[in-house]
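Colleague: Show me how the following folds:
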Amino acid sequence: MILVNIHKFEENILLSFLEILLIIISSAGLLHGVLFAFYLGFFKKKKVLTNLLLGLILIFMAFRIGKSVMMNFGDDLEPVFIFAGLAFLLLIGPLLRWYLLGMLRPNFKLTKSYFVELTPFFLVFIMSFFITKELFENNKIVIIILSSVLLFIYLHFAFYIGVSWKLLKNKKKELEKERKTKSQKAIFDWLKLVIIGFVIIWISYFLNLIEDSVPYIIGPIMYSIIIYFLSYKAFELKITEIDGNVFKPNDNLILFNRISKLIIDDGLYFESDLTLSKLSNLLGESTQNVSLIINQYAKRNFNDFINYYRIQEAKKMLLDPSNEKFTISSIAFDIGFGSLSSFNSAFKKLEGTTPSSFRKNK
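Modeller: Residues are numbered from 1 along each chain as shown. A predicted model of the protein is given here:
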């Protein structure tokens with residue numbers, strides 16, 4: 001009997017320890033998110049809309065996650081707190097969409113029309129103050145209505161996550177043929193991580209909703225892990241220093257796109273007499289400016305830039321069995337090289353081997 005009591009005592013201590021550990025883990029992420037939000041809102045020198053929106057998302061997520069922690073470890077939580085906490089998901093969804101718009105569009109501004117999206121939040125939040133425990137007693141209609149509201153909240157959040165993903169995907173597609181700057185790549189990487197993070201949080205909560213075997217505390221724990229990871233990535237990518245203005249079209253990029261169109265799309269690289277001076281005249285720009293733009297965006301000088309596309313064409317021809325009847329010299333002249341030696345030199349520089357060896361080892 002004494003041994004049984006000792007065993008039960010040890011189990012209670014272990015359970016208490018695990019409960020305390022779970023509270024610490026789930027609350028740590030909550031506190032970290034709030035502190036990060038305050039940093040963005042009050043301590044960040046650069047006051048931009050995107051940082052404010054991200055801070056608001058973190059604050060309102062704290063209310064939502066805080067409700068989960070209280071519900072899991074608190075006893076007999078009032079329904080008003082439960083539904084008020086859930087209502088914040090209806091706020092986070094639109095904020096997430098606005099945040100992506102601010103990070104993907106230059107000079108993004110919130111107009112009055114955007115705030116119509118907050119209507120579901122205000123309706124559910126106000127409704128939560130009228131929900132009492134007595135309403136649930138032997139009232140199936142109320143239970144069905146509130147269950148429907150609960151399902152709507154989760155589907156509403158899922159909808160906005162999907163909309164946000166589509167915004168990101170469309171922006172990537174819009175710029176897929178353009179060379180992206182380091183800041184633009186950082187935004188794409190960051191927003192992808194943010195959306196994936198929200199998907200994981202949504203799944204962890206929704207699984208608990210449909211399957212009781214998934215512990216409710218999993219949601220806050222996943223949030224803590226994700227918020228620490230995202231905070232680290234935010235500083236690594238310097239994401240709080242940039243916004244949608246990095247997607248502003250600039251004169252240099254426009255000029256490079258014109259250069260690319262002439263060289264690649266219009267096949268100007270096939271012309272053996274193509275020079276930097278001739279290209280500059282076609283563009284109506286100085287040779288110095290054209291040279292600088294090619295170096296900036298192509299990361300190559302003019303000759304290497306032209307030869308790169310010639311060599312890509314040469315590789316296709318050398319790999320094509322139907323072209324075996326053509327000599328390497330004829331291929332070199334066909335793709336714009338003025339001599340076999342210049343072709344061999346350019347090919348070896350880019351591919352690390354000669355055209356003849358490339359053909360032989362294909």
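Colleague: After the helix or strand bottoming out on mean pLDDT in the chain, which helix or strand is next?
Modeller: One helix or strand of the chain scores below all others by mean pLDDT, DSSP states H and E: helix 2-38, with a mean of 60. Counting by DSSP states H and E, the next helix or strand C-terminal to helix 2-38 is helix 49-73.
Colleague: Grab the CA positions of the next helix or strand after that following helix and hand them over as PDB.
Modeller: Sequence-wise, the next helix or strand downstream of helix 49-73 (DSSP H and E) is helix 79-87. Extracted C-alpha coordinates of helix 79-87, given in PDB (Å, rounded to 0.1, in the frame of the first residue of the first chain):
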ATOM      1  CA  PRO A  79     -17.300  31.200 -22.500                       C
ATOM      2  CA  VAL A  80     -16.900  34.900 -23.100                       C
ATOM      3  CA  PHE A  81     -13.100  34.500 -23.000                       C
ATOM      4  CA  ILE A  82     -13.100  31.500 -25.200                       C
ATOM      5  CA  PHE A  83     -15.100  33.100 -28.000                       C
ATOM      6  CA  ALA A  84     -13.400  36.500 -27.700                       C
ATOM      7  CA  GLY A  85     -10.100  34.700 -28.100                       C
ATOM      8  CA  LEU A  86     -11.300  32.800 -31.100                       C
ATOM      9  CA  ALA A  87     -12.700  36.000 -32.700                       C
END
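Colleague: Report all helices and strands that helix 79-87 contacts.
Modeller: Packing partners of helix 79-87 (3 or more C-beta pairs under 8 Å, 6 or more residues apart in numbering; DSSP states H and E): helix 49-73, helix 119-128, helix 133-136, helix 140-174. For every residue, glycine as well, the C-beta is placed using N, CA and C.
Colleague: Contacts only, for residue 267.
Modeller: Contacts for residue 267 (C-beta atoms under 8 Å, 6 or more residues apart in numbering) come out as none.
Colleague: And it, what's its pLDDT?
Modeller: pLDDT recorded at residue 267 is 88.
Colleague: Torsion angles phi and psi at it?
Modeller: When read as degrees, to the nearest 10, the backbone of residue 267 gives phi 70, psi 30.
Colleague: what separates it from residue 274, distance-wise?
Modeller: 11 Å (C-beta to C-beta, to the nearest Å).
Colleague: Tell me which of the helices and strands packed on helix 79-87 sits most buried.
Modeller: helix 49-73 (a mean of 21; mean count of other C-beta atoms under 10 Å).
Colleague: ok and that one relative to helix 79-87, angle-wise?
Modeller: In terms of direction (axes from the mean of the first three to the mean of the last three C-alpha atoms, to 10 degrees), helix 49-73 departs from helix 79-87 by 140 degrees.
Colleague: Which neighbouring elements make contact with helix 49-73?
Modeller: For helix 49-73, the packing partners by 3+ C-beta pairs under 8 Å, 6+ apart come out as helix 2-38, helix 79-87, helix 89-104, helix 218-236.
Colleague: okay, the angle between the third one and helix 119-128?
Modeller: An angle of 150 degrees separates the directions of helix 89-104 and helix 119-128 when computed by the same axes, to 10 degrees.
Colleague: Give me the mean pLDDT for helix 89-104.
Modeller: Mean predicted confidence for helix 89-104 is 95.
Colleague: Point out the other helices and strands that that helix packs with.
Modeller: Judged by 3+ C-beta pairs under 8 Å, 6+ apart, helix 89-104 is in contact with helix 49-73, helix 119-128, helix 140-174, helix 182-210.
Colleague: at 6 Å instead, please
Modeller: Helices and strands touching helix 89-104, by 3 or more C-beta pairs under 6 Å, 6 or more residues apart in numbering; DSSP states H and E, are helix 49-73, helix 119-128, helix 140-174.
Colleague: Identify whichever of those helices lies nearest to residue 313.
Modeller: Smallest distance to residue 313 across the helices and strands packed on helix 89-104 (C-beta to C-beta): 26.4 Å, for helix 140-174.
Colleague: From the chain's centroid, how far away is that closest one?
Modeller: With C-alpha atoms, centre = their mean, to the nearest Å as the basis, helix 140-174 stands 18 Å off its chain's centre.
Colleague: by how many degrees do that helix and helix 89-104 diverge?
Modeller: Using the same axes, to 10 degrees: helix 140-174 against helix 89-104 is 10 degrees.
Colleague: Name the nearest residue to residue 152, ignoring sequence neighbours.
Modeller: Leaving aside its chain neighbours, residue 152 sits nearest to residue 120 (7.8 Å; criterion: C-beta to C-beta, 6 or more residues apart in numbering).
Colleague: In terms of pLDDT, where does the one you found sit?
Modeller: pLDDT, residue 120: 94.
Colleague: Against residue 240, how distant is it?
Modeller: Distance from residue 120 to residue 240, counting by C-beta to C-beta: 29 Å.
Colleague: returning to that earlier point: want to throw the helices and strands packed on helix 79-87 into a markdown table with distance to residue 84?
Modeller: A markdown table is the format used below for these (distance: least, C-beta to C-beta, whole Å):
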| stretch | distance to residue 84 |
| --- | --- |
| helix 49-73 | 7 |
| helix 119-128 | 4 |
| helix 133-136 | 15 |
| helix 140-174 | 12 |
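Colleague: Right, I'll call it a day here.
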